[in-house]
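Novice: 3D model of this:
(2 chains, ligands or ions: 1)
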Amino acid sequence: MSEGYHIVVCAGVVPDPWQTLDPVPGPQGPTIKNEMMLPHVLDPWAAHALYEGARLAEQAPGSRLWLASIGPRAKLQQVMMTVAQKVRFELAAMDGPASGFTDADQTAAALAEMIRGLQGLDLSRLLLFGGWESASRGAGITLQLVGERLGIRDQFQGVDALEVLPDGSFQILERVEGGKHQASVCAGPPAVLGWATGNLPEPKNNPQLGMQNMRTILPALQRAKRFAPQPDGLRHLEAKVPSQLRETRVVKNSSPEEIAKELADWILA
Amino acid sequence: METILFFAFAKPDGSLGKSAREALAAAKELAEKVAPNAFIGAVAGGKTDPAASLLAGAGCARVLAAENPALDQARYAADAAALEAAARAAEATLVLLPGTSRAQRVLGGAAHRLGGRADTHVTELRPAEGGIEATRWHYRQRIEARFTREQRPWLVTLDPSGFAPWEAAAAEPAPEKLATPIDENALRTRVVGFKAPESGAETIRPDANLLFVAGAGWTKKQADGKPHVEEAERLILEFLRLSRASLGSSKSLVDLAGEGEAVLSFLTHLHQVGQTGATPRHPKGLAACCHGEEPHTVGWRFINERRAINLDPNCGWARGKADVLYVADAFAVMAELNKILAERAGQSPRQES
Ligand SMILES: Cc1cc2nc3c(=O)[nH]c(=O)nc-3n(C[C@H](O)[C@H](O)[C@H](O)COP(=O)(O)OP(=O)(O)OC[C@H]3O[C@@H](n4cnc5c(N)ncnc54)[C@H](O)[C@@H]3O)c2cc1C
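Specialist: Alright, predicted model coming up:
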């Protein structure tokens, strides 16, 4: 395809997985205590989608790559300082909660509207990327809902590979049960791809690229419209961190033979 | 008043897989409490007769069958159309599906077309005052939440392994054939096959009794100042052969491959357990040479009994993440363990259940 693709990567921001998460009741359902104080990262599976999107855009001249993100403006800005150094992209942002308790439906409606409004976007060349599940809500349906709203009927989830075939069609590998991939061939864009890990390592930080990207990212953040989801029939009754701590028996000074015997008894029991 | 539709995609032979039968058992139990006369079953696939008989045997008041060669393959456009058609025909308010990759791929899209809402990875559904209450995890198995929804239809996938599968006798069904509008546009995607990781050995075994997780320590320099990657490979593969365990990995270990370091050749990202990996379900788990960091252990949420072998007495496992931590050299322990398992092979390890 000589004109390339229009790749939009939907990616939220989530608390760094090292942080302790403590749910507290809020006016519109649960929230995370001190959420705004916690360092955030780009949602990890969506980050893989971004790297894969950047590679595809590089390989297909004429392509454009957008990152569409909804999150608290300050958090988006913090995360973009790093993400901007990874790959070249244009940002489209909305200022709203990044909570894992927000309804996917409303998030998807806002994302679809934002994507429709992207200047120069050609829906017939659209590849809608994102993570197959977020690290916050983990619903795995947001991209489906955005895709439906944009009229896209070829959708793939748990994607680890996308290969463009000589006739312009795609071969796509999706994770299915039993540690296997389902291989499909899709005629071409438009399509929705919810990425799992993909095959690319995280790009090294490139400060120069970061500075270039930030020239358009900062104005995009300033332009970000508000997104204020409503409870809309979804009512949380309780959110809790179940006690995970076990009484760990620490076995020191046992010989490998003794340990192996104990393990064998346990495994075969 | 609810009308409950149980919906599943049939296997190529027309039967229902284990997770579908688990979800069927859960749907039936809920229906008995909240919709005793309004429990409908639906199946979609290239063949559907065996599944339709099972649904009739489970007491579904109506059985709907969307049988179409296009539904032999799992692809979004046709599958979403089938689910949408079944929910409309049943006039369902609550649609329950097994949490398979095929159902998860289309749940949201179908809910959108039906003007309803969708929730995935639900672990429990129970009647509650004025409706139905669901439980699911947020933040990658860190926070468990209970919630209700007013919107209908409400489409829900149930995570596998939470329920005993439905096994009772099949009955002679009189399925209503469902016309599924599948046009050419729905066939822009073709499934061309399945691929297992290239390593050859099939090491991911969802039904295994034991999960064995290998960490990056297997590739690190050992007491003699050298790494022993080949020995690690041998020990692990031998253990998997003898124990029939399913193999998992830490992120660090699978990532090493991307950085061009010596790694265990049979590992892929599909093996990764944790925050950005899988959350497998096995009754027991054994970790070796893995530090037990939080982003890893969130993937152990559904592993009941947990043990770990690590040289470091202060590793994450020691801090309440495992039932037993053996502070020892995993190379030595696994070599002994393999010996014992081989000796006891007469009373061979418990196999997949
Ligand atoms: C956004 C994000 C997402 C992440 N997602 C995941 C995820 O999904 N899954 C995941 O696993 N991690 C994840 N991580 C990474 C995680 O934080 C850890 O870095 C990783 O789990 C460490 O892997 P490891 O324990 O194998 O390696 P290491 O931390 O290197 O630990 C190696 C261990 O091996 C032990 N060891 C060495 N030799 C021996 C021996 N002979 N016998 C016994 N023990 C020995 C050492 O004592 C050490 O404890 C994520 C991190 C981030 C930031």
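
Novice: count the residues that sit near the residue nearest to A:G233 when sequence neighbours are not counted.
Specialist: Excluding the flanking residues, the one nearest A:G233 by Cβ to Cβ, 6 or more residues apart in numbering or on different chains is B:E150, at 3.5 Å. From N, CA and C alone the C-beta is placed, and that goes for glycine too. By the criterion of other Cβ atoms under 10 Å in any protein chain shown, B:E150 has 13 neighbours.

Novice: need the contact list for residue 148.
Specialist: In the absence of a named chain, chain A is used. B:108-109, B:112-113 (Cβ atoms under 8 Å, 6 or more residues apart in numbering or on different chains).

Novice: my bad, the chain I had in mind was chain B
Specialist: Per Cβ under 8 Å, 6+ apart, neighbours of B:T148: A:234-235, A:237, B:128, B:130-134.

Novice: how about 10 Å then?
Specialist: Shown in contact with B:T148 (Cβ atoms under 10 Å, 6 or more residues apart in numbering or on different chains): A:233-237, B:128-134, B:154.

Novice: related to what we said a few turns ago, just put the contacts of A:E148 in TSV and tack on secondary structure, pLDDT and distance to A:G158.
Specialist: Converted to TSV, those look like this (DSSP: H, G, I helix; E, B strand; the rest coil; pLDDT from 0 to 100; distance: Cβ to Cβ, whole Å):
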residue	secondary structure	pLDDT	distance to A:G158
B:G108	helix	98	14
B:G109	helix	98	15
B:H112	helix	98	20
B:R113	helix	98	22
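
Novice: from the residues you listed, pick the one nearest B:P69.
Specialist: Nearest to B:P69 among the contacts of A:E148: B:G109, at 21.4 Å, using Cβ to Cβ.

Novice: tell me, how many residues neighbour that closest one?
Specialist: By other Cβ under 10 Å, neighbour count at B:G109 equals 29.

Novice: and B:A134, by the same measure?
Specialist: Neighbours of B:A134 (other Cβ under 10 Å): 21.

Novice: tell me what whichever strand or helix holds it is packed against?
Specialist: Applying DSSP states H and E as the criterion places B:A134 in strand B:131-138. Using 3 or more Cβ pairs under 10 Å, 6 or more residues apart in numbering or on different chains; DSSP states H and E as the contact test, the elements touching strand B:131-138 are strand A:234-240, helix B:18-34, strand B:117-128, strand B:143-149, strand B:154-158.

Novice: elements contacting the last one?
Specialist: Counting by 3+ Cβ pairs under 10 Å, 6+ apart, the packing neighbours recorded for strand B:154-158 are strand B:4-9, helix B:18-34, strand B:94-98, helix B:101-113, strand B:117-128, strand B:131-138.

Novice: the longest one now?
Specialist: If contacts are counted by 3+ Cβ pairs under 10 Å, 6+ apart, helix B:18-34 sits against strand B:4-9, strand B:39-45, helix B:49-57, strand B:94-98, helix B:101-113, strand B:117-128, strand B:131-138, strand B:154-158.

Novice: closest to B:T297 out of the ones you listed?
Specialist: strand B:131-138 (14.2 Å).

Novice: for the chain, which spans come out with low pLDDT?
Specialist: Went with chain A since none was named. Scanning chain A with the threshold set as pLDDT under 70 gives A:1-2, A:244.

Novice: correction: the question concerned chain B.
Specialist: Scanning chain B for pLDDT under 70 picks out B:198-201, B:258-260, B:262, B:347-353.

Novice: so which residue of it lies furthest out from the middle?
Specialist: B:D224 (40.8 Å; Cα atoms, centre = their mean).

Novice: how about that one, secondary structure?
Specialist: Using DSSP: H, G, I helix; E, B strand; the rest coil, the structure places B:D224 in coil.

Novice: give me every residue that touches residue 115.
Specialist: Picked chain A for this. A:6, A:8, A:10, A:66, A:68, A:92, A:121, A:123, A:126, A:128, A:146, A:149-150.

Novice: try again with chain B
Specialist: Contacts of B:G115 (Cβ under 10 Å, 6+ apart): B:151-153.

Novice: ok, B:N68 next?
Specialist: B:44-46, B:48, B:78, B:81-82, B:177-182.

Novice: before we move on, what about B:G116?
Specialist: Per Cβ under 10 Å, 6+ apart, neighbours of B:G116: A:105, B:87, B:92-95, B:110, B:149, B:151-155.

Novice: hmm, which two among these are most spread apart?
Specialist: Farthest pair in the contacts of B:G116, by Cβ to Cβ: A:D105 and B:A92, 18.2 Å.

Novice: and these two? Which one has more around it.
Specialist: Of the pair A:D105 and B:A92, B:A92 is the one with more neighbours under other Cβ under 10 Å, namely 26 against 23.

Novice: that one - that's part of a helix, no?
Specialist: No: assessed with three-state DSSP, B:A92 is coil; it does not lie in a helix.

Novice: residues contacting it?
Specialist: B:2-7, B:35, B:38, B:40, B:42, B:86, B:114, B:116, B:152-155.

Novice: and for A:L221?
Specialist: Per Cβ under 10 Å, 6+ apart, neighbours of A:L221: A:69, A:73-74, A:76-77, A:80, A:91, A:93, A:95, A:214.

Novice: switch to 8 Å and redo it
Specialist: With contact set as Cβ under 8 Å, 6+ apart, A:L221 has these partners: A:73, A:76-77, A:80, A:91, A:93.

Novice: which of the contacts of B:T148 has the most neighbours?
Specialist: That'd be B:W154 among the contacts of B:T148, by other Cβ under 10 Å, with 25 neighbours.

Novice: re the thing from before, now the buried members of the contacts of B:G115.
Specialist: Applying 16 or more other Cβ atoms under 10 Å in any protein chain shown to the contacts of B:G115, the neighbour count classes B:151-153 as buried.

Novice: closest one to the ligand out of those residues, please.
Specialist: B:Q151 (32.7 Å; Cβ to the nearest ligand atom).

Novice: wait, that closest one touches B:D119, no?
Specialist: No: judged on Cβ atoms under 8 Å, B:Q151 makes no contact with B:D119 at a distance of 10.5 Å.

Novice: buried residues, stretch B:277-291. List them.
Specialist: B:277-282, B:284-291.

Novice: with just CA atoms, put that stretch into CSV.
Specialist: Written as CSV, here are the backbone C-alpha positions of stretch B:277-291 (Å, rounded to 0.1, in the frame of the first residue of the first chain):
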residue,chain,number,x,y,z
GLY,B,277,1.5,-11.9,31.3
ALA,B,278,-0.9,-14.7,32.0
THR,B,279,-2.9,-15.4,35.1
PRO,B,280,-3.1,-19.2,34.9
ARG,B,281,-5.2,-21.4,37.0
HIS,B,282,-3.6,-24.5,38.6
PRO,B,283,-4.1,-26.1,42.0
LYS,B,284,-0.3,-25.9,42.7
GLY,B,285,2.6,-23.7,41.7
LEU,B,286,6.4,-24.1,42.1
ALA,B,287,8.7,-21.2,41.3
ALA,B,288,12.5,-21.7,40.9
CYS,B,289,15.1,-18.9,40.4
CYS,B,290,12.3,-16.3,40.3
HIS,B,291,12.5,-13.5,42.8
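
Novice: which one is whichever residue of the stretch 1-150 of chain A sits closest to chain B nearest to, not counting chain neighbours?
Specialist: Residue nearest to chain B within the stretch 1-150 of chain A (Cβ to the nearest Cβ): A:I141, separated by 2.9 Å. Spatial nearest neighbour of A:I141, chain neighbours left out: B:G108 (2.9 Å); criterion: Cβ to Cβ, 6+ apart.

Novice: hang on, the earlier thing: which of the contacts of A:E148 lies closest to B:A164?
Specialist: The shortest approach to B:A164 among the contacts of A:E148 belongs to B:G108, at 28.1 Å (Cβ to Cβ).

Novice: walk me through the domains of chain B.
Specialist: B:4-187, B:210-344 (automatic domain parsing).
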